[in-house]
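Trainee: Test case, fold it:
(3 chains)
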Amino acid sequence: MPELPEVQTVRQTLKNFILGKTIKDIEIYHQNIVVGDADEFTRRLKGQTIIDIDRVGKYLIFILSKDAFVSHLRMEGKYNIIEEPTPINKHEHVVFIFDDGTQLRYHDTRKFGRMELVDKDRYRDELPLAKLGPEPQEARVGDVYDKIHRSSLAIKTLLLDQHIMAGIGNIYANEICFEMGINPKMPGNKLSKKRVEQLIEVSKEILTEAIKQGGTTIHSFDANGVSGLFQTKLKVHTQKECPTCKGAITKEMVNGRGTYYCKKCQRR
DNA sequence: ACGTCCTCCTGTTCGC
DNA sequence: TGCGAACAGGAGGACG
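Mentor: You can find the predicted model right below:
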């Protein structure tokens, strides 16, 4: 589900709700969500206060008084804020119970999401975050060009590779290719340095605009009832008609992911 | 080392 | 209408 703008939206919403709260207990209904020993996860975090929530790429990092854990929502993960007691939903797998009686519940229909304890002081330098590339905002043209230039993979596949740049997922990869006027299947090694520079600029612009809109709401995603608005600005993803030439949008699979583009306007 | 495919899951949509 | 196949904001591991 969520890409960088959606995760950023979730982060902000969660910060407003849980900063300063202390975890009284944790209930884990599906152990696989927690990487490593689920009992240790509970034991370690119990009694700790939420100090901050960070975000790196599509990862959220919950910073507590002593420890920290990362949370990746993958395709369908969400956090439900519970202020009034309600029955547990069958897709709520991890429940954080705070000392003020409120709860934070991790909801994930496909159970793809993961949580994992990390070192509070150096999580950026250890797995799973260590291998992530820079977000477009911090990316340096030379570094990105080096990686793209040496690959014959489709440019869209490279945009989805979190080791090159972090935060872009399927929706925004499609949108970025459209804005670039590039065919998503264009091999990376066909791009000039100038073109890669433009790619980074376009990525920044699209992610920034999406964050401003509160992310994209497709299917059921929302950040605790806060729906994003970027879906109204999508130009190709899940669209039928090209906003530029009014021709039909082509949909095909690239690297196993649904890829939408305009054959006429994206050929460079 | 690199590219491709499979896998983890469940719910919804698509096509015959 | 019914029913199985395909697909869905992701990423890590196996394999050739």
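Trainee: And residue A:31, how close does it get to residue A:42?
Mentor: Look at residue A:31 and residue A:42: by C-beta to C-beta, to the nearest Å, they are 11 Å apart. All C-beta spots, glycine's among them, are computed from the backbone N, C-alpha and C.
Trainee: sorry, that was for residue A:18
Mentor: 17 Å.
Trainee: Excluding covalently adjacent residues, which one is nearest to the residue in the stretch 151-268 of chain A that DNA strand B sits nearest to?
Mentor: Taking C-beta to the nearest atom of the strand as the measure, the stretch 151-268 of chain A has residue A:151 as its residue closest to DNA strand B, at 4.2 Å. Sequence neighbours aside, residue A:188 is the residue nearest to residue A:151 in space, at 4.3 Å (criterion: C-beta to C-beta, 6 or more residues apart in numbering).
Trainee: what's that neighbour in contact with, if anything?
Mentor: A:147-155, A:158 (C-beta atoms under 8 Å, 6 or more residues apart in numbering).
Trainee: where does the stretch 101-250 of chain A have low pLDDT?
Mentor: Along the stretch 101-250 of chain A, the model assigns pLDDT under 70 to residues A:218-227.
Trainee: can you give me the helices in it?
Mentor: Ranges of helices within the stretch 101-250 of chain A are A:141-149, A:155-160, A:170-180, A:193-212, based on DSSP state H, counting those that start in this stretch.
Trainee: could you dump the ones you listed to JSON lines with distance to DNA strand B and mean neighbour count?
Mentor: Formatted as JSON lines, the helices of the stretch 101-250 of chain A follow (distance: least, C-beta to the nearest atom of the strand, whole Å; neighbours: other C-beta atoms under 10 Å):
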{"stretch": "helix A:141-149", "distance to DNA strand B": "8", "mean neighbour count": "17"}
{"stretch": "helix A:155-160", "distance to DNA strand B": "7", "mean neighbour count": "23"}
{"stretch": "helix A:170-180", "distance to DNA strand B": "13", "mean neighbour count": "24"}
{"stretch": "helix A:193-212", "distance to DNA strand B": "16", "mean neighbour count": "18"}
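Trainee: Nearest to residue A:90, out of the ones you listed?
Mentor: Closest of these to residue A:90 is helix A:170-180, at 26.8 Å (criterion: C-beta to C-beta).
Trainee: Residue A:192 - how many residues pack around it?
Mentor: Using other C-beta atoms under 10 Å, residue A:192 has 10 neighbouring residues.
Trainee: Run through the residues that contact it.
Mentor: For residue A:192, no residue meets the contact criterion (C-beta under 8 Å, 6+ apart).
Trainee: Next one: it from residue A:146, what distance?
Mentor: 13 Å.
Trainee: do the same with residue A:230
Mentor: For residue A:230, the distance to residue A:146 equals 31 Å [C-beta to C-beta].
Trainee: Check residue A:30 too.
Mentor: Remark: distance between residue A:30 and residue A:146 (C-beta to C-beta) = 41 Å.
Trainee: Give me the phi and psi angles of the closest residue to residue A:32 other than its chain neighbours.
Mentor: Leaving aside its chain neighbours, residue A:32 sits nearest to residue A:111 (6.4 Å; criterion: C-beta to C-beta, 6+ apart). Dihedral angles of residue A:111 (phi, psi; degrees, to the nearest 10) stand at phi 60, psi 30.
Trainee: Show me which residues of the stretch 51-200 of chain A are close to DNA strand C?
Mentor: For the stretch 51-200 of chain A, the residues in contact with DNA strand C (C-beta under 7 Å from any atom of the strand) are A:57-58, A:72, A:74-75, A:110, A:112, A:128, A:131, A:160, A:162, A:169-171.
Trainee: Tell me the most packed of the residues you listed, by neighbour count.
Mentor: In these, the most neighbours by other C-beta under 10 Å go to residue A:171, 26 neighbours.
Trainee: Neighbours of the closest residue to it other than its chain neighbours, how many?
Mentor: Distances taken as C-beta to C-beta, 6+ apart place residue A:237 nearest to residue A:171, at 4.9 Å, with adjacent residues excluded. When neighbours are defined as other C-beta under 10 Å, residue A:237 has 23 of them.
Trainee: List the contacts of residue A:237.
Mentor: A:170-171, A:174-175, A:260.
Trainee: Let me have those in a markdown table, adding distance to residue A:53 as columns.
Mentor: Below are the contacts of residue A:237 laid out as a markdown table (distance: C-beta to C-beta, whole Å):
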| residue | distance to residue A:53 |
| --- | --- |
| A:170 | 24 |
| A:171 | 23 |
| A:174 | 28 |
| A:175 | 26 |
| A:260 | 32 |
